[in-house]
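> starting from these lines, generate the structure:
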Amino acid sequence: MKKSSKIIIGAAVVAAGVAITYSAVNTAPDASLPVDEQMVQILNGGGCVFCHTSSPELPAYAKMPVVGSMIRGHVDAGYKSFDIAPMMEALANGKAVNEVDLAKVEKSVMDGTMPLMSYYLVHWGSSLTSAKTDIALKWVKEHREQFYPNPLAADEFKNEPVRPIPDSMPVDSAKVALGEALYHDTRLSGDGTISCATCHGIGTAGVDNLQYSKGIGGQFGGINAPTSYNACFNFVQFWDGRALTLADQAAGPPLNPVEMGSKSFDEISDRLAADADFTQRFLAVYPEGYSATTITDAIAEYEKTLITPNSPFDLYLKGDKGAMTADQIEGYALFKEYNCATCHAGVNMGGLSYELMGQRADYFKDREVNVQSGLTDADNGRWAQTKIERDRYRFKTPTLRNVALTWPYYHDGSVATLEEAIQMMSTYQVGRDMPASDVAKVKSFLDALTGQYKGVTLTNSNSK
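Numbering: from 1, shown residues only. Now for the predicted structure:
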């Protein structure tokens, strides 16, 4: 037999052996298992836990010069983009997985981007077969149905990563009335010049459209003011997540020496107590009287009413196919294609996770070069609260609701236009250059996220 024939036969035998081995080790989980357990098997078998955790157990070959360098690079990149530990803990305890984690897993499964080829070439059982893909997507759908029911959406949109804003929130109307008055009351500030509404104007889409807000004595803060509209849907408040609730957030600015400059809530309470009529109203709702707790509780209750349902996009999700233009519909498809809907998921299209600013390119290095302003304490993001290095430059994602009205953009307020913000997000977060035609369509879609407040489409009096 010729040598070439022997090589061909040998290669065929090896290929057959590989195919048999692949078939044996890459079987789908037992269908009789609960779907959560099936998903855990897929995540473990696919190496997800290997690359997306803080302290992976690296194999011996990870110490080899070439292969080891590649593996450690994948682990670093994987953990930077997605920490799977909270998801695995939720699955183990039958709890809700974060909507952002659901969206990220769903998108990577649909695109077939995980696990990386370099991983499953070594780990034969890790690749996603069609059977595993079906199980994973079924799990995402059922998990959403269980933990994030979507009764407002038309049947075809019930499994979208984004949900419509509800028409109303349950609130105490008496507390709301007090909270509205306090939200606009300059007596919360040390010199009587600044209220919550100064930086979060109701008529200016919940922001002030400044890069940094101006506080007491003409001082400027160091971070862009996020909108107060739809803030009740955020999982935490502030860019760095230092407030867990709306009431916690409302307690911060009044005592901040740069923002409102009061010395204490006792001082604020004394100023309010001098108003006999307002005090009478307040005591009727809060018999215990003025305090940081009661004042911020009232403001938080009011902020629960600052929701903007029935945007064209919400109406579209509810089944009104004429609510959005063809470009806006195509823009939504592109929004999902470019992975925007993974981080900007849920009712608020954001506000559900901390994400690294500069996932695919170094935003802060580029900004330092281009803006010459260097880095500030505010640029540290979540790290300022945790001191965990992974959290440096990681921020709570902003809501995209009414985003066409809430310029300038990003935590540093450095981007003036929505088009530029979209283009930069594609570069720094997705690692793709978005063509101008796609930018225009995504922008058109984002225009469709402007909702209604008290039945009237939201506007911004600062608009030119």
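
> the helix or strand of the chain with the lowest mean pLDDT: what's the following helix or strand?
When each helix and strand of the chain is scored by mean pLDDT, DSSP states H and E, helix 3-25 comes last, with a mean of 44. Using DSSP states H and E, the helix or strand that follows helix 3-25 towards the C-terminus is helix 35-45.

> contacting residues around that following helix?
Defining contact as Cβ atoms under 8 Å, 6 or more residues apart in numbering, one finds that helix 35-45 is touched by 28-31, 33, 49, 84, 87-88, 91-92, 94, 125-126, 128, 132, 135-136, 138-139, 142. For glycine as for every other residue, the C-beta is placed from the backbone atoms N, C-alpha and C.

> stretch 269-279 too?
A181, D185, R187, F282, G289, Y290, S291, I295.

> burial check on E57, number of neighbours?
8 (other Cβ atoms under 10 Å).

> coming back round to it: from the contacts of helix 35-45, which land in helices?
Secondary structure from DSSP state H places V49, M87, M88, L91, A92, K132, I135, A136, K138, W139, E142 of the contacts of helix 35-45 in helices.

> show me how to select, in ChimeraX, the buried members of those.
Command for ChimeraX, covering only those of the ones in helices among the contacts of helix 35-45 found buried under the criterion 16 or more other Cβ atoms under 10 Å:
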select :49,87,88,91,132,135,136,139
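
> and of the ones in helices among the contacts of helix 35-45, the nearest to P312?
Nearest to P312 among those: E142, at 29.6 Å, using Cβ to Cβ.

> list the contacts for the closest one?
By Cβ under 8 Å, 6+ apart, the residues touching E142 are V35.

> that one and N159: what is the separation?
10 Å (Cβ to Cβ, to the nearest Å).

> same deal with Y409?
For Y409 relative to N159 (Cβ to Cβ), the value is 29 Å.

> flag the least confident of the ones in helices among the contacts of helix 35-45.
Among the ones in helices among the contacts of helix 35-45, V49 has the lowest pLDDT, at 81.

> what's the distance between that residue and P56?
For V49, the distance to P56 - Cβ to Cβ - is 8 Å.

> try D172
The value you get for D172 to P56, if Cβ to Cβ is used, is 48 Å.

> neighbour count: the two, which is higher?
Neighbour count, other Cβ under 10 Å: between D172 and P56, P56 has more, with 17 against 14.

> what is the burial count for L317?
Other residues close to L317 by other Cβ under 10 Å number 24.

> could you list the low-confidence segments of this structure?
1-26, 59-62, 66-68, 115-127, 371-373, 464 (pLDDT under 70).

> how about the strands in it?
Applying DSSP state E to the chain gives strands spanning 354-356, 394-396, 452-453, 456-457.

> turn those into a markdown table, columns for distance to S264.
Below are these laid out as a markdown table (distance: least, Cβ to Cβ, whole Å):
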| stretch | distance to S264 |
| --- | --- |
| strand 354-356 | 31 |
| strand 394-396 | 28 |
| strand 452-453 | 33 |
| strand 456-457 | 38 |
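
> which of those sits closest to S228?
strand 452-453 (11.3 Å).

> follow-up on the earlier one: give me the more crowded residue out of Y409 and N159.
Taking other Cβ under 10 Å, Y409 and N159 do not tie; Y409 has more neighbours (20 against 16).

> who are the contact partners of Q452?
T308, P309, N310, S311, L458.

> so which of these is the most crowded?
Counting by other Cβ under 10 Å, top hit in the contacts of Q452: T308 with 25 neighbours.

> if we ignore the residues flanking it in sequence, what's nearest that one?
Spatially, and ignoring its direct neighbours in sequence, T308 is nearest to G451 (3.1 Å; Cβ to Cβ, 6 or more residues apart in numbering).

> so which residues of the stretch 251-400 of the chain form helices?
265-273, 276-285, 292-303, 312-317, 326-337, 340-343, 363-371, 383-386 (DSSP state H, counting those that start in this stretch).

> out of these, which gets nearest to H200?
helix 292-303 (9.0 Å).

> quick one: buried residues of that closest one?
A292, T294, I295, T296, D297, A298, I299, A300, E301, Y302, E303.

> please save the CA atoms from that helix in PDB.
C-alpha atoms of helix 292-303 as PDB (Å, rounded to 0.1, in the frame of the first residue of the first chain):
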ATOM      1  CA  ALA A 292     -34.200  62.000  57.600                       C
ATOM      2  CA  THR A 293     -36.400  58.900  57.400                       C
ATOM      3  CA  THR A 294     -39.700  60.600  56.900                       C
ATOM      4  CA  ILE A 295     -38.500  63.300  54.600                       C
ATOM      5  CA  THR A 296     -36.700  60.900  52.200                       C
ATOM      6  CA  ASP A 297     -39.600  58.400  52.400                       C
ATOM      7  CA  ALA A 298     -41.900  61.100  51.100                       C
ATOM      8  CA  ILE A 299     -39.600  62.100  48.300                       C
ATOM      9  CA  ALA A 300     -39.100  58.400  47.300                       C
ATOM     10  CA  GLU A 301     -42.800  57.900  47.200                       C
ATOM     11  CA  TYR A 302     -43.200  60.800  44.800                       C
ATOM     12  CA  GLU A 303     -40.400  59.600  42.600                       C
END
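
> give me the angle between that helix and helix 265-273.
70 degrees (axes from the mean of the first three to the mean of the last three Cα atoms, to 10 degrees).

> which helices and strands does helix 292-303 pack with?
Judged by 3 or more Cβ pairs under 8 Å, 6 or more residues apart in numbering; DSSP states H and E, helix 292-303 is in contact with helix 173-183, helix 246-250, helix 265-273, helix 276-285.

> ok, now how distant is the closest residue to R367 other than its chain neighbours from D83?
Nearest non-adjacent residue to R367, counting by Cβ to Cβ, 6+ apart: S414, 6.7 Å away. Distance of S414 to D83, computed by Cβ to Cβ: 27 Å.

> what do you get for V456?
From V456 to D83 the distance is 41 Å (Cβ to Cβ).

> more neighbours: these two, which one.
A direct count of neighbours by other Cβ under 10 Å for V456 and D83 places D83 higher, at 17 against 8.

> what about the residue lying closest to that one once chain neighbours are set aside, neighbour count?
Here the nearest residue to D83 in space, its sequence neighbours aside, is H52; by Cβ to Cβ, 6+ apart that works out to 6.3 Å. Using other Cβ under 10 Å, H52 has 23 neighbouring residues.

> before we move on, what about G73?
11.

> the helices and strands packed on helix 292-303: which one's closest to F335?
The closest of the helices and strands packed on helix 292-303 to F335 is helix 246-250. By Cβ to Cβ, the value is 27.7 Å.

> extract the C-alpha trace of the closest one and format it as PDB.
Extracted as PDB, the C-alpha positions of helix 246-250 are listed here (Å, rounded to 0.1, in the frame of the first residue of the first chain):
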ATOM      1  CA  LEU A 246     -34.800  55.800  46.300                       C
ATOM      2  CA  ALA A 247     -35.000  57.000  49.900                       C
ATOM      3  CA  ASP A 248     -31.300  56.300  50.400                       C
ATOM      4  CA  GLN A 249     -30.500  58.300  47.300                       C
ATOM      5  CA  ALA A 250     -32.700  61.200  48.400                       C
END
